[in-house]
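# Have a look; sequence and predicted model below, questions after that.
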Amino acid sequence: MNSWGRWRAMQRPITRPSRTLTLNILLSFAQFEREVIGERIRDKFAASRKKGLWMGGWPPLGYEVENRRLVVVKREAALVRRIFDRFAKTGSALSLVAELRQQPERKAA
């Protein structure tokens, strides 16, 4: 049998139950792999956070990233303290946002 004949023999239709079983097995392995990968990523993030490393994204107001660690920015930290103090006094996030929008001091982009 030449290579074309072997290829055609491998392409013959599979019975319906066999096809369903094969597909279900492949889908089960794919789901298992997704779950294992997700678990590894979550564990990696947790271990890095435990070491105090910043794992990416925008740093919170009052901090900047240096060598994958968050470092306090003095000028912005003072602003954050004022925001929290003002929120503790007013108790309203909406009124606090309105006040902050009126102030000229904002975080540099």
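That came through fine. Numbering: from 1, shown residues only.
# Would you map the helices across the protein?
For the chain, the helices defined by DSSP state H cover 3-10, 16-50, 74-90, 93-102.
# Save those as CSV, and put in distance to residue 56 and mean neighbour count too.
Placement of C-beta: from N, CA and C, glycine included. Shown next, in CSV, are the helices of the chain (distance: least, CB to CB, whole Å; neighbours: other CB atoms under 10 Å):
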stretch, distance to residue 56, mean neighbour count
helix 3-10, 46, 9
helix 16-50, 10, 10
helix 74-90, 19, 13
helix 93-102, 27, 11
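# do you know how far residue 32 is from residue 26?
Residue 32 sits 11 Å away from residue 26, taking CB to CB, to the nearest Å as the criterion.
# whoops, residue 44 was the one
Distance from residue 44 to residue 26, counting by CB to CB: 27 Å.
# And for residue 18?
Separation of residue 18 from residue 26 (CB to CB) stands at 13 Å.
# that older thread, would you turn the helices of the chain into CSV with distance to residue 58 and mean pLDDT?
Converted to CSV, those look like this (distance: least, CB to CB, whole Å; pLDDT from 0 to 100):
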stretch, distance to residue 58, mean pLDDT
helix 3-10, 52, 62
helix 16-50, 16, 92
helix 74-90, 13, 88
helix 93-102, 18, 88
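# Turn those helices into TSV, columns for distance to residue 60.
TSV is the format used below for the helices of the chain (distance: least, CB to CB, whole Å):
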stretch	distance to residue 60
helix 3-10	57
helix 16-50	14
helix 74-90	8
helix 93-102	16
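# Neighbours of the closest residue to residue 60 other than its chain neighbours, how many?
Nearest residue to residue 60 in three dimensions, chain neighbours excluded: residue 70, at 7.6 Å (CB to CB, 6 or more residues apart in numbering). Neighbourhood size, residue 70 [other CB atoms under 10 Å]: 15.
# Please parse the protein into its domains.
For the chain, automatic domain parsing gives the domain ranges 1-51, 55-109.
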